[in-house]
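*Asks:* Show me how the following folds:
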Amino acid sequence: GKRTGVAAVKIATDMVREGLVTKREAVNMVGADHLDQLLHPQFTEEAKGSGEVVATGLPASPGAAVGVVAFSTEEAEDLQSRGQPAILVRVETS
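*Replies:* Have a look, this model is predicted:
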C-alpha cells in the first residue's frame, strides 16, 4: 500500500529508534516521492478547520501553482502575452 511522506519518515525513524534498522537502511526506506510530499506547504493541525472556506474544487491533481487567476482562456492568454504567469480556473476540468 501507499503511505504519505510523513508516515514514511515516522515509520523509518521509529524503526531506527527501536533498533530494527540502521540509519542508512531507514534513509533508503524513504522514497523521493515521499520527500517531494514533505516539501509542499502543509497546514498545521491547529490551523486545520480554523479558517473560512472561500472555495471548493474537484480533487484533480496534487500540486502547486503560482500566478494570476484567470477565468477565461482569453484572459490567461493576455496575461501570458504580458509576461505574467496565469492560472486558468474553470468550474470543472474535462
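
*Asks:* Quick one: the helices in this structure, in order.
*Replies:* 5-17, 23-29, 32-39, 73-81 (DSSP state H).

*Asks:* Return the set of buried residues in the last one.
*Replies:* Which is helix 73-81. 76, 79 (16 or more other C-beta atoms under 10 Å). From N, CA and C alone the C-beta is placed, and that goes for glycine too.

*Asks:* One more: the second one?
*Replies:* Residues of helix 23-29 classed as buried by neighbour count (16+ other C-beta under 10 Å): residue 26.

*Asks:* Pull the residues that contact it.
*Replies:* With contact meaning C-beta atoms under 8 Å, 6 or more residues apart in numbering, helix 23-29 is reached by 8, 11, 12, 13, 15, 16, 21.

*Asks:* try the third one
*Replies:* Surrounding helix 32-39, the residues in contact under the criterion C-beta under 8 Å, 6+ apart are 3, 4, 5, 6, 8, 9.

*Asks:* Pretty sure the last one sits against residue 30.
*Replies:* Yes: in this structure residue 9 lies within contact range of residue 30 using C-beta atoms under 8 Å: 5.8 Å.

*Asks:* Kindly provide the distance from the residue sitting furthest away from the middle of the chain to residue 45.
*Replies:* For the chain, the largest distance from the centre (C-alpha atoms, centre = their mean) belongs to residue 19, which lies 31.7 Å off. Distance, residue 19 to residue 45, using C-beta to C-beta, to the nearest Å: 29 Å.
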